[in-house]
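Visitor: need a 3D model of the sequence below.
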Amino acid sequence: MKLKRGTVSRHCICVNPGTGKRWGASCPKLTSNRRHGVWRVAQVLDPAQDGTVRRFRRSGFESSAKAEAELDKVWALLRIPEEDDDWGRQQVSDALAKCSRDRSPLPDYEATQKRVKVGQPVVQETTVAEWLDSWLAGKRKLKRGGAKRYETDVRVHLKPHLGNIRLDRLRVHHVTAMFIAINETNLEILEQNAERRAFAAELKATPNKGPENRAKRRALRFQLADMPGFRRVTNPSTQEHIRATLRAALNVAIAQQIMPAFNPAEHVELETAQSAKALIWTDERVAEWMRTGEKPSPVMVWTPAQAATFLDSISHHRLYLLFRIITYRGLRRGEGCGLRDVDYSPASATLTIATQLVQDGWDFYEDTPKTDGSIRTVDIDKETNTGLQEHLRRREAEREAWGEGWQDTGHLFTEEDGNMLHPGRFSDLFDRLVRAAGLPPIRLHDLRHVAATLMLAVHDDIKVVSTILGHTSTRITRDIYQSVLTELGRDSAEKVAAFVPHTRPAQNAKSPTPATTPPANVTPIAGKRFAQKRSA
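Guide: Numbers count the residues shown, from 1 in each chain. Here you go, the predicted structure:
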């Protein structure tokens, strides 16, 4: 169907007394009064997909010139697609029909031309929420943990704050407002947590003796029950991940030309996420922790002596060798729990890290390591190798004792009935063993840092340490253990100074007091120059 340019006409809203209907364009006053009525535009569009005839109509123009200018814009938009471009013509007609129906401004000519040229829909009604759902659906090939992290960012933060905004109208100030709201919620969470903590402390301090105290305790319990539970704040590193999720989703939308080539998430300033630095449990830090009960850093590292104390205290535990392997070789928790019989080679004294157990809530599942660099072969010492062979013999005895109740999971370290080790329960066990040993607290993951410290302390090359830990580059190793390397560097400096034989007096030895004037046979340089200047 070849379209023709539409028409401009004048009409009014006067009512015909005889019919009770509006005169419209046939009002007799239109011919006698040039200012009577208003001008309107009518343009036939391409039929809808179901064949319905459509027209663009707009009225209310004060003059024919303004009406003609509007019709020129409509006609220019209709002529953007080629005559044989049925899809493009349909898209432009859809957009104009929507403008006529909604009484909204006409689409921008250049933007419409670009969308038609690249085969992009002219009518853009996709919201951020709809696009995020579509983007997530295309992330099925991701590892389960990574996909869930994206899904959490979208569900908890992005859709509630940005979901109703049209995708092509998302701006930097929208994203900024989201993070402002997140930080305001953080303040509320901190206040609620502090209030709940105060009530819990008061309840604990109130003795359970006497009717008044019991009544008070009852009231406190009711108040605690009405309060929100303890919640975590959305810390700076999590906010960085939220922005990264949004940035990745919008980059795909830009690549598919669903939105303008500007990513608002790229231009939002966030508080810099400060990574906790690993600190060694020195005597001074242990003393301060015993006095205040506070850890100097979330990431603490035992000294070699403290690590030895821990291992000695659990030497008879059935999982002693797993703790030893993590302490010496720095396996991640999931990697240690996920070790299989086929991953152990007694002949070469090696363990192959090829699988891990990933905790999801309180459930867990088996998966491949987090990165390609995490798939590696780790050497073990002779004592550990001998211990593992003895461990397999003890496990065979456990299998016989359990009989048909034994669960053959094929894993190297298991529960007593053969089931896979639950990563969460393994962490809880570690915490109990640390307290029983009377050692300053570290997390199970910090045993990995202990391993790195031990390897660095015996001057293993940073590249070797990085490979054993499964880091993708030595930069990651250096960033994490910079504070540990600094302390080891001080120790190295003292060892070097002690190793080199001294051939001169120490700094604190008595030495002649330096003369305030040079000897008689030495002429000061400045004085010599001054004398030369005088004689000249």
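
Visitor: so how far is stretch 243-263 from its chain's centroid?
Guide: 17 Å (CA atoms, centre = their mean, to the nearest Å).

Visitor: can we start the residue count at 377 from this point?
Guide: With the count now opening at 377, the last piece we talked about shows up as stretch 619-639.

Visitor: what residues of that stretch count as buried?
Guide: Residues 619, 621, 622, 625, 626, 629, 634, 635, 639 are the ones in stretch 619-639 that count as buried (16 or more other CB atoms under 10 Å). (Glycine included, C-beta is placed from N, CA and C.)

Visitor: do stretch 759-778 as well
Guide: By 16+ other CB under 10 Å, the buried positions in stretch 759-778 come out as 760, 761, 763, 764, 767, 771, 775.

Visitor: got a list of contacts for it?
Guide: Here stretch 759-778 makes contact (CB atoms under 8 Å, 6 or more residues apart in numbering) with 694, 696-697, 700-701, 704, 717, 720, 722, 725, 756, 782, 784, 788, 790, 792-794.

Visitor: please flag which of those sit within strands.
Guide: Taking DSSP state E as the definition of strands, those contribute residue 720.

Visitor: can you say which of the contacts of stretch 759-778 are buried?
Guide: Buried subset of the contacts of stretch 759-778 (neighbour count, 16+ other CB under 10 Å): 696, 697, 700, 701, 704, 720, 725, 756, 782, 788, 790, 794.

Visitor: mind picking the two most distant members of those residues?
Guide: Using CB to CB, the buried ones among the contacts of stretch 759-778 span at most 29.4 Å, a distance reached by 704 and 782.

Visitor: hmm, back to that, can you redo the buried ones among the contacts of stretch 759-778 as TSV with distance to residue 482?
Guide: Output for the buried ones among the contacts of stretch 759-778, formatted as TSV (distance: CB to CB, whole Å):
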residue	distance to residue 482
696	77
697	75
700	74
701	70
704	72
720	72
725	76
756	73
782	75
788	70
790	70
794	72
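
Visitor: ok, so of the residues you listed, who is nearest residue 388?
Guide: Ranked by distance to residue 388 (CB to CB), the buried ones among the contacts of stretch 759-778 are led by residue 790 at 89.4 Å.

Visitor: what residue is smack in the middle of this structure?
Guide: residue 617 (2.1 Å; CA atoms, centre = their mean).

Visitor: ok, that residue to residue 625 distance?
Guide: For residue 617, the distance to residue 625 equals 13 Å [CB to CB, to the nearest Å].

Visitor: go on, residue 801?
Guide: Residue 801 is 36 Å from residue 625, by CB to CB.

Visitor: could you look up the SS state of residue 416?
Guide: Following DSSP: H, G, I helix; E, B strand; the rest coil, the label given to residue 416 is strand.

Visitor: so it sits right up against residue 439, yeah?
Guide: No. Using CB atoms under 8 Å, residue 416 is not in contact with residue 439, being 11.9 Å away.

Visitor: can you pull out the low-pLDDT segments for this protein?
Guide: Filtered on pLDDT under 70, the chain yields the residue ranges 377, 389, 400, 410, 500, 516-522, 648-652, 746, 835-836, 848-912.

Visitor: list the helices and strands the helix ranked longest in it packs on?
Guide: Taking DSSP state H as the assignment, the helix of the chain that covers the most residues is helix 548-581. Secondary-structure packing of helix 548-581 (3 or more CB pairs under 8 Å, 6 or more residues apart in numbering; DSSP states H and E): helix 535-538, helix 587-602, helix 612-631.
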